[in-house]
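A.B. asks: how does the following fold in three dimensions:
(one chain, ligands or ions: 1)
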Amino acid sequence: MVSSDIRFLRAVEMGLGAWQWGDRFVWQYGRGYSDDDIRQAFQISVAEGIRFIDTAEVYGSGSSERWAGKFLKETDQPILIATKFFPLPWRLTRNSIPAALKASLERLQLETVDLYQIHFPSPLLSVETMMEGMIECINRGWTRTVGVSNFNQSQMIRAYSTLERNSVSLASNQVHYSLLQRDVEKNGLLARCNELGSRLIAYSPLEMGLLTGKYSPKNPPPGNRGARYANLLNKIEPLLKLMNEIGQEHGGKSNAQVALNWIICKGALPIPGAKNASQALQNAGALGWKLTEEEVAKLDEASDKIVQ
Ligand SMILES: NC(=O)c1ccc[n+]([C@@H]2O[C@H](COP(=O)([O-])OP(=O)(O)OC[C@H]3O[C@@H](n4cnc5c(N)ncnc54)[C@H](OP(=O)(O)O)[C@@H]3O)[C@@H](O)[C@H]2O)c1
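C.D. replies: Numbers count the residues shown, from 1 in each chain. Model (predicted):
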């Protein structure tokens with residue numbers, strides 16, 4: 001019988017997303033930020049107490065994991081590493097999961113990761129088959145715990161049940177969650193995670209930069225984010241204004257810090273991406289203080305007026 005202790009994840013308040021490390025397609029790595037910047041983002045985050053890094057085999061086609069491996073060698077702090085299996089269409093058996101993790105471990109220069117996640121559900125591999133592959137990863141000692149990502153409630157429950165039959169806990173479900181994307185509150189996924197004891201890990205918690213307040217209809221984000229968010233950008237001004245006012249009440253917290261603190265207040269674990277030292281430093285400043293219940297309610301109300 002295998003076992004996996006997921007309690008360590010409950011103690012993690014916030015992590016650092018590593019999609020930015022080497023990704024040229026969405027984040028335009030090499031244009032405006034470089035390897036020095038991401039190294040500093042990592043170092044500052046660690047210096048500020050962040051101990052959880054989220055990467056994936058597909059980020060930068062493996063370069064994010066390679067950078068993570070290098071950075072881990074440069075610190076003496078214990079860092080928790082989460083990575084992900086991508087269900088590519090030719091990966092049709094449960095064995096593809098430990099095989100992919102082995103390749104991730106080589107890029108990470110590690111013998112084991114702390115959390116291995118299925119990046120997306122797949123029409124080609126059943127949830128049950130994927131979980132069998134994940135259990136095999138635990139059995140081989142290649143991951144400490146297992147989780148899923150982008151799973152809806154019924155997929156998550158199938159994952160949970162398959163694991164449970166094998167005495168393995170579902171550590172987490174990593175999903176899109178921000179002040180501008182609150183489906184998980186409204187469709188019950190966040191509540192279900194809490195009920196199951198699985199951590200909800202919130203990706204794109206800054207809505208890919210929008211919630212920092214630096215973008216506007218006249219100054220849209222570069223790359224494909226511009227088209228993706230053209231519509232939303234026209235509507236977010238009142239929310240950004242309220243975030244700013246609330247931030248001032250807490251001694252001048254930035255909009256990014258308010259956005260991340262709001263997620264922590266909701267009981268989820270945000271993993272903001274940072275391209276450089278100053279973004280990482282600012283994001284770490286979301287820790288060590290708390291929005292009041294009234295402020296959270298006001299933010300909810302302002303967000304409800306933008307996204308239903
Ligand atoms: N499981 C999944 O399917 C999935 C999907 C998406 C993301 N993720 C994970 O979640 C992590 C975070 O999500 P994300 O990267 O999509 O979006 P995010 O964290 O909401 O936004 C990150 C971007 O916002 C800007 N930014 C960050 N901090 C800032 C600050 N303090 N001030 C100003 N700008 C700042 C930077 O971009 P600019 O400077 O270019 O604006 C940065 O690249 C990823 O790194 C990845 O690990 C997982």
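
A.B. asks: give me the neighbour count for the nearest residue to residue 28 once chain neighbours are set aside.
C.D. replies: Residue nearest to residue 28 in three dimensions, not counting chain neighbours: residue 223, with 5.5 Å by C-beta to C-beta, 6 or more residues apart in numbering. (Glycine included, C-beta is placed from N, CA and C.) Residue 223 sits with 15 neighbouring residues when counted by other C-beta atoms under 10 Å.

A.B. asks: tell me the contacts of residue 223?
C.D. replies: Shown in contact with residue 223 (C-beta atoms under 8 Å, 6 or more residues apart in numbering): 26, 27, 28.

A.B. asks: out of these, who's near the ligand?
C.D. replies: Taking C-beta under 6 Å from any ligand atom as the test, the ligand is in contact with residue 27 out of these.

A.B. asks: between the contacts of residue 223, which sits nearest residue 14?
C.D. replies: residue 27 (19.7 Å; C-beta to C-beta).

A.B. asks: that closest one and residue 17 touch, don't they?
C.D. replies: No - using C-beta atoms under 8 Å, residue 27 makes no contact with residue 17, being 10.4 Å away.

A.B. asks: higher neighbour count, these two?
C.D. replies: residue 17 (27 against 23).

A.B. asks: any idea how far the ligand is from that one?
C.D. replies: Going from residue 17 to the ligand by C-beta to the nearest ligand atom, to the nearest Å gives 2 Å.

A.B. asks: if we can go back for a sec, possible to save the contacts of residue 223 as TSV with distance to residue 213 and pLDDT?
C.D. replies: As requested, the contacts of residue 223 are arranged in TSV below (distance: C-beta to C-beta, whole Å; pLDDT from 0 to 100):
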residue	distance to residue 213	pLDDT
26	20	95
27	19	97
28	20	95
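
A.B. asks: which one among the contacts of residue 223 gets closest to residue 291?
C.D. replies: Nearest to residue 291 among the contacts of residue 223, with distances taken as C-beta to C-beta, is residue 27, at 28.3 Å.

A.B. asks: contacts only, for that closest one.
C.D. replies: 19, 20, 223, 273, 275.

A.B. asks: for the closest residue to residue 160 other than its chain neighbours, give its distance to residue 226.
C.D. replies: Residue nearest to residue 160 in three dimensions, not counting chain neighbours: residue 170, with 4.5 Å by C-beta to C-beta, 6+ apart. To residue 226, residue 170 is 36 Å away according to C-beta to C-beta, to the nearest Å.

A.B. asks: and these two? which has more neighbours close in?
C.D. replies: When residue 170 and residue 226 are compared for neighbours, residue 170 comes out ahead with 27 against 13, by other C-beta under 10 Å.

A.B. asks: show me what the more buried one bridges to in the sheet.
C.D. replies: residue 146 (DSSP bridges).

A.B. asks: so how far is the ligand from it?
C.D. replies: Taking C-beta to the nearest ligand atom, one finds residue 170 at 15 Å from the ligand.

A.B. asks: residue 142 now?
C.D. replies: Distance from residue 142 to the ligand, by C-beta to the nearest ligand atom: 20 Å.

A.B. asks: how many neighbouring residues does that residue have?
C.D. replies: Residue 142 has 19 nearby residues by other C-beta under 10 Å.

A.B. asks: surely it and residue 115 touch.
C.D. replies: No - applying C-beta under 8 Å as the test, residue 142 and residue 115 come out as separate, 11.7 Å apart.

A.B. asks: where do the strands of the chain begin and end?
C.D. replies: 16-17, 52-54, 80-85, 113-118, 143-149, 170-176, 199-203, 269-270 (DSSP state E).

A.B. asks: how about those in a markdown table, adding mean pLDDT?
C.D. replies: Output for the strands of the chain, formatted as a markdown table (pLDDT from 0 to 100):
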| stretch | mean pLDDT |
| --- | --- |
| strand 16-17 | 98 |
| strand 52-54 | 98 |
| strand 80-85 | 98 |
| strand 113-118 | 98 |
| strand 143-149 | 98 |
| strand 170-176 | 98 |
| strand 199-203 | 98 |
| strand 269-270 | 98 |
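
A.B. asks: which residues of the stretch 1-150 of the chain lie near the ligand?
C.D. replies: 17, 18, 19, 20, 27, 54, 119, 149, 150.

A.B. asks: quick revisit: give me the pLDDT for the residue nearest to residue 28.
C.D. replies: On pLDDT, residue 223 comes in at 91.
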